[in-house]
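1. take this sequence and fold it.
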Amino acid sequence: MATTHNIENKRYRSLIVSIALFLSLIGALLAFTFYTSSLLERNTVLIDQTNQVANSAQAVIKDLFDLDNSYGEDTNSPHIQRVLERLKQDTALITSSINAIEQGGEITDIDGKRYNLPSINSQSQTQITAANEQWQLLEPKIQAYLKDADNIMVDSSDELTQAVEQAKTSSLLINDSLDQLTDEVFINAERQANTIRLIQILGVAAIFAYFLIFVFFFVRRLRDTDAEALAARRETQEIMETVNTGLFLLDKDLNIGQQHSRALNGIIGEDRLSGENFADVLRGRISDKDLKTTRQFIEQLYNPRVKEKLVDSLNPLHKVMLHNTSGEESTTNRYLDFKFSRVYEDKDIARILVNVNDVSDAVYLEQRLEKERSQNDMQIEMLTTILNVNPKIINEFINNTKVHIDKMNNILKNPGSSQFELEGKLNAIYREMHSLKGEASALKLHSFTKIASDAEDKLDALQNQGKLSGNNFLPLAVHLDDLLSLSNTIETLGERINQAAPKSHASAQPMKKAAVAASSSSASHASAANQSVATASFAGGNNIDLSDDVADEQLAYYQDFAQDIAVRQAKQVQLNDHNLAHVTIPECLKKPVREISIQLLRNAVVHGIESPEARQAAGKSAVGSIDLEMQRDAQNLIIVLQDDGQGINYEGIRNKLIADGRYSSEEASTLTEGELLKTLFTSGFSTKEHADEDGGRGVGLDVIKALVKEYDGKLNVNSELGKMTRFVITLPTA
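-> From the prediction side, this is the model:
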């Protein structure tokens, strides 16, 4: 590139020198023309001046004769005064003109313009000297007469007579000398004019000849250059038509160069690209954010202070999906990979070379492999769960999953037109999805948890959007199909394993209890002002049995679930069971007891137990303690869960209600602790600032409330700020 640049500089240098020489010749000819014009003008003035001296000499003689004939007339008469004045002027003019002609000096014409007279040659000098000699004889006599010519007291007749006599002699000699001088000056001026004309003709001929030579060589060089450029362009076109990738150049304004590879049109999907703006070509095909980032990225490529390798890692068009804008459904979106390279001229960044490849097949292959990898990971996860969890628990999970999905399907099918009905459907689906997610999370089925969390994101968005319509619920069907498919997969894998394994190995070893330590803080459930007790009663009822080996499995199930949440929330917890293995739970309450226990455990770890740092600062052990107890009497099954965490903060609930816009400051200040506690059990309300897999969506306590109400039970909450929170759930067994 630098060599080509130097060659072009040499070509331009010779062209500039040729043009400068051509202009110099023209300038020299013009300067000579101006000089000769000035010289001719001065010769013309000299001729005019000699004629003027001759005419003035004739006028002087005429005035002397007139004065001589009018002698005796009153000297003050207008006639005499006019003649005397004219005689004085002509005498002075002749004297100054002869001196200027003789010495080549400056003269002033009648109009006051000044002229420089040229120096005359020797022959002309002889003529002007002769005229001057005669004038020197006449001029003193005229001055002697003029001295007292207008004085009537002095007789000046003798002076006048002498002047007249001298004029008769000198005037002829003066006129003859001036005539000869005029002829000499005219001949000399004509000679100069001929010389000037000849030089001008020769100069114009030379300039014209130089111009023809210049045009001839320039056109020939231009033809050679065009031939070279045409050959280079042909080679470039052959390359551009042959390569399979899209190649083009970009300037600083993101304009595409006039030449690009033929493959580029097919890759981009545009017939016309030369000269188009790159941003306009991409607009509508990529997101506005990516388009803005692309502009900034190319600006940085033109910044010489930014290293190209460093900025290349920020390329926003690496394997970017280019959306179809043709409107044809048969045309699929493609993935393109843009690579940008700087093109330098010397040390300056001149252009950006862009190389575009259609990598759709490679990307689709990567996606397919990633999907297969995810499916393999999911199956391994499911196998791990099946092999480490009692088959009875797995079967219960599968059955519960199908029950939850059936319920959500039925809820979706139920008609609803008013906002109240649609909000009821939304909250009901939210509760079922949250319950299902809780059971999946307890079994470490992260594939289930991920799908359920994505569905909860959509449900949460619907809760916050305000006005609902039936169409808002349609995307949820996809998540239900995915969940049902996973459930069927687990069921199929379980059946295959159970067929191949001995019957005695149906139950797995329970997992050990462990207190898991982690760091980082989490949002609080609520801290309460001193003590408060609130009771809410609802309808419901049905049973579960935690005896023999299944009881041990259930205990490990809860232990493992609590520890997993603690790790994610950067907390340390110890789950203590009381009488869990010795309580007979009715079969009809099996499902609600598990769901309630899961939600209570999650609520205690996420909202109740503080971070290790906060607990130590409050004088507590870094490990939080959670007690899970189940009691049975003749009529009821009682679930008690108590943690030694921060308690319920009623003022925090009040402030959150104000921040969420549910109540004004005045309205919130009138709410009692019982009313504030009830808001914790409403769908969509949570004191956690940011939602995650374990909480913050305001659904867990709503699920507990709905289950207690469904089974005609009672709910009691007791909390002491900074010390503990206790939930007591009473479910009728009959």
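2. give me the helices and strands touching the top helix by length along the chain, please.
-> What stands out as the longest helix in the chain, according to DSSP state H, is helix 157-242. Packing partners of helix 157-242 (3 or more CB pairs under 8 Å, 6 or more residues apart in numbering; DSSP states H and E): helix 2-69, helix 122-148, strand 256-260. Just so you know, the C-beta spots here come from the backbone N, C-alpha and C atoms, and that holds for glycine as well.
3. please identify which of those is closest to Tyr210.
-> Nearest of the helices and strands packed on helix 157-242 to Tyr210, taken as CB to CB: helix 2-69 at 6.0 Å.
4. immediately after the closest one, which helix or strand?
-> As assigned by DSSP states H and E, the chain's next helix or strand after helix 2-69 is helix 78-103.
5. for that following helix, the averaged confidence score.
-> In this model, helix 78-103 has a mean pLDDT of 82.
6. again with stretch 215-222
-> The predicted model assigns stretch 215-222 a mean pLDDT of 81.
7. chain center to it: distance?
-> Its chain's C-alpha centre and that of stretch 215-222 lie 47 Å apart, by CA atoms, centre = their mean, to the nearest Å.
8. CA atoms of it as PDB?
-> Taking Å, rounded to 0.1, in the frame of the first residue of the first chain, the C-alpha atoms of stretch 215-222 are listed here in PDB:
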ATOM      1  CA  VAL A 215      -1.500  16.900 -23.400                       C
ATOM      2  CA  PHE A 216       0.100  14.200 -25.600                       C
ATOM      3  CA  PHE A 217       2.300  12.800 -22.700                       C
ATOM      4  CA  PHE A 218      -0.400  13.300 -20.100                       C
ATOM      5  CA  VAL A 219      -3.100  11.500 -22.200                       C
ATOM      6  CA  ARG A 220      -0.600   8.700 -22.900                       C
ATOM      7  CA  ARG A 221       0.200   8.300 -19.200                       C
ATOM      8  CA  LEU A 222      -3.500   8.600 -18.300                       C
END
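9. by mean pLDDT, flag the weakest helix or strand of this structure.
-> In the chain, no helix or strand scores lower on mean pLDDT, DSSP states H and E than strand 531-537, which sits at a mean of 35.
10. distance from the helix or strand just after the longest helix of the chain to the middle of the chain?
-> Using DSSP H and E, the helix or strand that follows helix 157-242 towards the C-terminus is strand 246-250. The chain centre lies 20 Å from the centre of strand 246-250; the measure is CA atoms, centre = their mean.
11. quick check: buried residues in stretch 454-467?
-> Within stretch 454-467, the residues that count as buried by 16 or more other CB atoms under 10 Å are Ala455, Glu456, Lys458, Leu459, Asp460, Leu462, Gln463.
12. angle of the longest helix of the chain against helix 2-69?
-> Helix 157-242 and helix 2-69 are oriented at 160 degrees to each other (axes from the mean of the first three to the mean of the last three CA atoms, to 10 degrees).
13. next, the angle from helix 157-242 to strand 256-260.
-> 60 degrees.
14. what angle separates helix 157-242 from strand 246-250?
-> In terms of direction (the same axes, to 10 degrees), helix 157-242 departs from strand 246-250 by 160 degrees.
15. could you dump the helices and strands packed on helix 157-242 into TSV and include mean neighbour count, distance to Lys113 and mean pLDDT?
-> Shown next, in TSV, are the helices and strands packed on helix 157-242 (neighbours: other CB atoms under 10 Å; distance: least, CB to CB, whole Å; pLDDT from 0 to 100):
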stretch	mean neighbour count	distance to Lys113	mean pLDDT
helix 2-69	15	9	76
helix 122-148	18	22	82
strand 256-260	16	63	85
